[in-house]
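Q: What shape does this take:
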Amino acid sequence: MNKRRKPWSAMSQQERADWLAAQQAELEDFCSYAHQYIKDRERRGRHTRTDDRYQQFFVLAADLLRGLEEIRQEAEQKEEQTTQSSDARSFQDGCGNLNEDHPCSSQ
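A: The predicted model follows:
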């Protein structure tokens with residue numbers, strides 16, 4: 001099962017992305033298993049209030065999965081922006097000329 005995770009604030013961007021992806025996969029897997037279980041019960045003509053609760057859970061889980069995906073995409077976009085911003089700063093620090101004999105290359 002899942003080991004105890006680091007606090008969100010202590011995770012790197014990559015650790016956060018990995019954690020979000022793992023949680024998504026785990027939740028999707030559980031929903032698939034539970035959905036099949038409920039369908040099997042329906043085929044056998046069995047139904048209890050617990051089955052109704054599972055149906056309510058599926059609605060919640062679908063919303064949670066969408067939210068996890070949105071958070072993951074937002075984190076990826078921030079990472080891309082940070083990388084692009086860092087690249088732009090590196091370029092601005094010099095003139096952009098890569099020739100070793102150029103005066104800027106000694107900086």
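
Q: which residues in the protein form helices?
A: 13-43, 49-93 (DSSP state H).

Q: Mean pLDDT, distance to residue 6 and mean neighbour count for those - can I get that in CSV?
A: Any C-beta I mention is one placed from the backbone N, CA and C, and that applies to glycine too. Compiled in CSV, these are given as follows (pLDDT from 0 to 100; distance: least, Cβ to Cβ, whole Å; neighbours: other Cβ atoms under 10 Å):
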stretch, mean pLDDT, distance to residue 6, mean neighbour count
helix 13-43, 93, 7, 13
helix 49-93, 84, 15, 12
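
Q: of all those, which lies closest to residue 3?
A: Distances from residue 3 to each of the helices of the chain were compared using Cβ to Cβ; the minimum, 10.7 Å, belongs to helix 13-43.

Q: Tell me which other helices or strands that closest one touches.
A: If contacts are counted by 3 or more Cβ pairs under 8 Å, 6 or more residues apart in numbering; DSSP states H and E, helix 13-43 sits against helix 49-93.
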